[in-house]
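A.B. asks: output the structure for:
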Amino acid sequence: MSADVVAKAFDPFFTTKPIGQGTGLGLSMIYGFAKQSGGQVRIYSEIGQGTTVCLYLPRHHGDVSAAGDLPDLADAPRAEPGETVLVVDDEPSVRMLVAEVLEDLGYAAIEAAGGPSGLRVLQSDARVDLLITDVGLPGGMNGRQVADAARVTRPGLKVLFITGYAENAAVGNGYLEPGMQVLTKPFVMEALASRIRDMIEA
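C.D. replies: You can find the predicted model right below:
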């Protein structure tokens, strides 16, 4: 990378890729995660040689056994019969994990790997009680654009945005319409479960 590209690399929505092929959120999410964790991130780059991104995180000296004190999903609120959640995320591991949690809680989960496929579900007659979408989606349509397009035909659609970056950068300067919320990564599954229930019941 050139020096001017390195200088802008952590800016939200900055990308050197052609339109529709990059969200410009990848490195900004890494920067946000590092800052939330009390760490730092550095880019080392030489044109024609390559680029290294280094993440420096503080060492944690906590008690390992404390992890056993986390509540498990057995105590999480359960779905009502037929409640359906659409999960839109381009990362298969994230999408499958969220869908698995939903199914454990009794929800029907529909998965979509990108904005256009998610929007097709939302423009169909399928029941969708809640949309959970990553903000940074490839393919020319981010999570906020999916939600806004879906609300043309489903004006009351409830939307939970998942993002690894600061809330205001992720969803358009922090402006959320009623029925929209943000959950920032990293999060525990119990927090996701209770947020889903609260939003559907609201």
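A.B. asks: quick one: Val5 is in a strand?
C.D. replies: No - assessed with DSSP: H, G, I helix; E, B strand; the rest coil, Val5 is helix; it does not lie in a strand.
A.B. asks: now the element after the lowest-mean-pLDDT helix or strand in the chain, going C-ward?
C.D. replies: Averaged element by element with mean pLDDT, DSSP states H and E, the chain has its least confident helix or strand at helix 167-170 (a mean of 54). Scanning forward in sequence from helix 167-170 by DSSP states H and E, the next helix or strand is strand 180-184.
A.B. asks: domain assignment for this protein?
C.D. replies: Domains of the chain are assigned by automatic domain parsing as 3-56, 76-201.
A.B. asks: point out the most buried one among those.
C.D. replies: Highest mean neighbour count among these (mean count of other C-beta atoms under 10 Å): domain 76-201, with a mean of 17. C-beta coordinates here come from the backbone N, C-alpha and C atoms, glycine included.
A.B. asks: measure that one end to end?
C.D. replies: 14 Å (C-alpha to C-alpha, to the nearest Å).
A.B. asks: with stretch 84-102 instead?
C.D. replies: One end of stretch 84-102 to the other measures 9 Å (C-alpha to C-alpha).
A.B. asks: next one: that stretch to chain centre, how far?
C.D. replies: Taking C-alpha atoms, centre = their mean, to the nearest Å, one finds the center of stretch 84-102 at 10 Å from the center of the full chain.
A.B. asks: what comes into contact with it?
C.D. replies: By C-beta atoms under 8 Å, 6 or more residues apart in numbering, the surrounding residues in contact with stretch 84-102 are 73, 79, 107-115, 117-118, 121-122, 126-134, 137-139, 143, 146, 162, 189, 192-193, 196.
A.B. asks: so, low pLDDT: which residues of the chain?
C.D. replies: 13, 17-25, 61-73, 165-174 (pLDDT under 70).
A.B. asks: give me that answer again for 90
C.D. replies: Applying pLDDT under 90 to the chain flags the ranges 1-79, 90-97, 101, 104, 135-144, 162-178, 182-192, 202.
A.B. asks: please enumerate the helices of it.
C.D. replies: When secondary structure is read from DSSP state H, the chain shows helices at 3-8, 26-36, 92-104, 115-122, 143-153, 167-170, 189-201.
A.B. asks: which one, of those helices, ends up nearest to Gly179?
C.D. replies: Taking C-beta to C-beta, helix 189-201 is the member of those nearest to Gly179, at 7.6 Å.
A.B. asks: and the closest one with helix 92-104, angle?
C.D. replies: 60 degrees (axes from the mean of the first three to the mean of the last three C-alpha atoms, to 10 degrees).
A.B. asks: so what secondary structure elements neighbour helix 189-201?
C.D. replies: Helix 189-201 is packed against helix 92-104, strand 130-134, strand 159-163, strand 180-184, with contacts defined by 3 or more C-beta pairs under 8 Å, 6 or more residues apart in numbering; DSSP states H and E.
A.B. asks: for the protein, identify the residue most remote from the centre.
C.D. replies: Note on the chain: the largest C-alpha distance from the chain mean falls to Gly48, namely 33.1 Å (C-alpha atoms, centre = their mean).
A.B. asks: need the helices of the chain in CSV with distance to Val182, can you?
C.D. replies: Putting the helices of the chain into CSV (distance: least, C-beta to C-beta, whole Å) gives the following:
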stretch, distance to Val182
helix 3-8, 24
helix 26-36, 12
helix 92-104, 15
helix 115-122, 17
helix 143-153, 10
helix 167-170, 5
helix 189-201, 10
